[in-house]
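Undergrad: Pasted the sequence and its predicted model underneath.
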Amino acid sequence: MSIIDLTSMGEPQKDIKNEINTRLKKLQGEISEFCYQCAKCTSGCEAHKLLELEPHKIVALLKRGLIDELVNSDVIWTCMSCFKCRERCPQKVAPVEILFALKNIAVASGKPIPGKYSAMLQSILSIGLIQDAQTVSNHNNQTIKRNDLDLPDLSKPVDGNKFQLVLSKLAIEKI
Amino acid sequence: MKKYVFYPGCVMPTEQYAYELSIREIMPILDIELIDVKGFSCCGEPMKSVNQLMTIYLSARNISIAEKKGYDIFVPCPMCHLSLSECQNVLENNSDINKRINEMLSSENLSYNKPINIVNTVDLIHDIIGLEKIKNLVKNPLNNLKVATHYGCHLIRPSEIGRPVDSENPQKMENILKAIGAEPLDYPEKLDCCGSMINTNLPESALTKTGQKLVAVQDQNFDVFVDICPWCHRMFDSKQKKAGEIVATKLEVPVVYLTQLLGLSFGIDRNKLGFNLNLSPVEKIKLGGK
Ligand code: SF4
Ligand code: SF4
């Protein structure tokens, strides 16, 4: 579903809008109210041409309080985190941070997490890293392990239990 | 000898071995001692879409470990570098989050007390080691080598957080490359993203981004494409073949880490610099003119 279809749906949800703004304010000190729809963010957006992400429209919808529609849309997961929109916005609105917050809300409200995010999270919980040392192929198509190279051991959390405890609390915590 | 705690992150030490190998080869030559420390974890940035508080906690945890050692931290991955820098920013400016994070850190006997210097490969070489030193170490100048640079989004933006390189006209890699005799040239696609961040959920689109940038570089006849980020390198080098298939172009662009190219100019053996781990056609890189 594209963002355009979403504008026609649903009532503004003031509470969530306030919550997201408080949250964004807390984390970055930036809010959507300053946006004047110049679309400079969209003009440089890395995901715009390929995946039709239009950050200025995301901000417009947020301003109108259509949070639920945004949270339920796949389009928020197309952002490539290039930070061009944040860098170039004349009003310091940072659509990319709004998108991060929307994705966080989607996850916290129990929406399925797309792609390999769950696997990465699982791996962080169990070994502290998004993946364990991989076997790679080299230029001559031989397989190489980290141990084959003259490299020290991987740095990982020493006390796995303590690390897991804090992190799993965080993982299930709502916003 | 200047000392830094070496923070490897996840991607470099678990698969992008060429970056780590080349860093460990050249840093001693540049009078930098890297201190390996046990207990680090992911920087948290890959989880920012899922749970930002977790991102901040993980970054804070890593900063605290480095702080305990009493040295500044060297962070070769731009994504980790941004994450740690942003975390420090938040903890310095938001006492609520600072308190909450410190409570969580206490269970591992850690605490965040004060900001430390977070250094990336580019500013370490360009600003701290300095170009004079680099010039003096060159044994094999990379004369006439036409180089396209790729900084990676996280290294240059957002400048508000404090990035080691200019956001719109990054030139530090170019300056380093000139110091070793190469010929870096700007090109219209220089600031284009590698697409890596959506490789997690939209791999085809991610590889399209990668492929489109490499096609542009190939069409402009560059001899080599130089990057500095393990996430970007994974796309441009490790997945170059796949990216080529997706954009229906035969791609043959040699892609190397900046640290590999520096090592080459210092006369270090290619295998020690991990050149045998690059999957792109690095054998095409010829030294001392063509
Ligand atoms: S660049 Fe900033 S002010 Fe302009 S449309 Fe985008 S968010 Fe709004
Ligand atoms: S960070 Fe996301 S929304 Fe912003 S310009 Fe880049 S891809 Fe577009």
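TA: Received, thanks. Ligands and ions are numbered 1, 2, ... in the order given.

Undergrad: which non-adjacent residue is nearest the residue most central in space within chain A?
TA: Geometric centre of chain A, nearest residue: A:Phe100, 3.8 Å, by CA atoms, centre = their mean. Distances taken as CB to CB, 6 or more residues apart in numbering or on different chains place B:Lys48 nearest to A:Phe100, at 5.5 Å, with adjacent residues excluded. C-beta coordinates here come from the backbone N, C-alpha and C atoms, glycine included.

Undergrad: re the thing from before, spit out the contact partners of the residue nearest to the centre of chain A.
TA: A:81, B:48-49, B:52 (CB atoms under 8 Å, 6 or more residues apart in numbering or on different chains).

Undergrad: Also B:Asn98?
TA: Contacts of B:Asn98 (CB under 8 Å, 6+ apart): B:90-92, B:112.

Undergrad: What distance separates the opening and closing residues of stretch B:5-21?
TA: By CA to CA, to the nearest Å, the extent of stretch B:5-21 from end to end equals 16 Å.

Undergrad: now it, how far from the chain's geometric center?
TA: Mean-position distance between stretch B:5-21 and its chain equals 10 Å (CA atoms, centre = their mean, to the nearest Å).

Undergrad: Tell me how many other residues crowd the residue nearest to A:Phe100.
TA: 23 (other CB atoms under 10 Å in any protein chain shown).

Undergrad: List phi and psi for it.
TA: Per-residue torsions, B:Lys48: phi -60, psi -30 (degrees, to the nearest 10).

Undergrad: Are we agreed that the residue nearest to the centre of chain A is in a helix?
TA: Yes - counting by DSSP: H, G, I helix; E, B strand; the rest coil, A:Phe100 is located in a helix.

Undergrad: Please tell me how far it sits from ligand 2.
TA: Note on A:Phe100: its distance to ligand 2, by CB to the nearest ligand atom, to the nearest Å, is 9 Å.

Undergrad: Could you check the pLDDT of A:Phe34?
TA: With respect to pLDDT, A:Phe34 scores 87.

Undergrad: From chain B, how far off is it?
TA: According to CB to the nearest CB, to the nearest Å, A:Phe34 and chain B sit 15 Å apart.

Undergrad: How much space separates that residue from A:Lys92?
TA: With distances taken as CB to CB, to the nearest Å, A:Phe34 is found 7 Å from A:Lys92.

Undergrad: before we move on, the earlier item: quick one: which of the contacts of A:Phe100 has the most company?
TA: These, ranked by neighbours (other CB under 10 Å): first place B:Ser49, 27 neighbours.

Undergrad: Excluding residues flanking it in the chain, which one is nearest that one?
TA: Nearest to B:Ser49 is A:Lys103, by CB to CB, 6+ apart, at 4.3 Å.

Undergrad: List the residues that contact the one you found.
TA: A:76-77, B:49-50.

Undergrad: so is the residue of chain A most remote from its centre in a helix, a strand, or just coil?
TA: Centroid-distance maximum for chain A: A:Asn140 at 37.0 Å, with CA atoms, centre = their mean. Using three-state DSSP, the structure places A:Asn140 in coil.

Undergrad: my read: it touches B:Asn278, true?
TA: No - using CB atoms under 8 Å, A:Asn140 makes no contact with B:Asn278, being 11.4 Å away.

Undergrad: How about B:Lys284: what's its closest non-neighbour residue?
TA: Nearest to B:Lys284 is B:Pro254, by CB to CB, 6+ apart, at 5.0 Å.

Undergrad: Repeat that for A:Gln131.
TA: B:Thr14 (5.2 Å).

Undergrad: The one you found contacts A:Gly128, doesn't it?
TA: No - using CB under 8 Å, B:Thr14 is not in contact with A:Gly128, being 11.3 Å away.

Undergrad: and A:Pro90, how many residues sit next to it?
TA: Around A:Pro90 there are 11 residues (other CB under 10 Å).

Undergrad: let me fix that: B:Ile97
TA: 18.

Undergrad: Report the mean per-residue pLDDT for the host helix or strand of A:Ser123.
TA: Taking DSSP states H and E as the definition, A:Ser123 sits inside helix A:117-127. Averaging pLDDT along helix A:117-127 gives 94.

Undergrad: Name the residues that touch it?
TA: A:113, A:129-132, A:156-157, A:160, A:164, A:167-168, A:171, B:41-42, B:46-47, B:49-50, B:58, B:200-201.

Undergrad: Mind checking which of these are in helices?
TA: Of these, the ones assigned to helices by DSSP state H are A:160, A:164, A:167-168, A:171, B:58.

Undergrad: Which one (most neighbours) among the residues you listed?
TA: Going by other CB under 10 Å, B:Leu58 tops the ones in helices among the contacts of helix A:117-127 with 28 neighbours.

Undergrad: burial measure for the closest residue to that residue other than its chain neighbours, as a count.
TA: Distances taken as CB to CB, 6+ apart place B:Gly44 nearest to B:Leu58, at 3.1 Å, with adjacent residues excluded. Per other CB under 10 Å, the neighbour tally for B:Gly44 reads 28.

Undergrad: quick one: contacts for B:Gly44?
TA: B:54-59, B:83, B:87.

Undergrad: Would you reformat those as TSV and include pLDDT and distance to ligand 1?
TA: Output for the contacts of B:Gly44, formatted as TSV (pLDDT from 0 to 100; distance: CB to the nearest ligand atom, whole Å):
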residue	pLDDT	distance to ligand 1
B:Met54	95	26
B:Thr55	96	22
B:Ile56	96	24
B:Tyr57	97	28
B:Leu58	98	28
B:Ser59	98	26
B:Ser83	98	23
B:Cys87	97	24
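
Undergrad: can you pull the contacts of A:Pro114?
TA: Counting by CB under 8 Å, 6+ apart, A:Pro114 has contacts A:74, A:77, B:200-201.

Undergrad: Would you agree B:Leu177 is in contact with B:Lys146?
TA: No - with contact defined as CB under 8 Å, B:Leu177 does not reach B:Lys146; the gap is 10.3 Å.

Undergrad: burial measure for A:Ser118, as a count.
TA: 13.

Undergrad: My error: substitute B:Thr249 in the last question.
TA: A count of nearby residues for B:Thr249, using other CB under 10 Å, gives 15.

Undergrad: Helix or strand: which one has the nearest residue to it once chain neighbours are set aside?
TA: Spatially, and ignoring its direct neighbours in sequence, B:Thr249 is nearest to B:Val215 (5.2 Å; CB to CB, 6+ apart). Using DSSP H and E, B:Val215 sits in helix B:203-219.

Undergrad: mind listing what's buried in that helix?
TA: Buried residues in helix B:203-219, counted by 16 or more other CB atoms under 10 Å in any protein chain shown: B:203, B:205-218.

Undergrad: Check which helices and strands that helix sits against.
TA: Where contact means 3 or more CB pairs under 8 Å, 6 or more residues apart in numbering or on different chains; DSSP states H and E, helix B:203-219 is packed against helix A:48-51, helix B:240-246.

Undergrad: domains for chain A, by residue range?
TA: Domain assignment for chain A by automatic domain parsing gives A:14-108, A:115-174.
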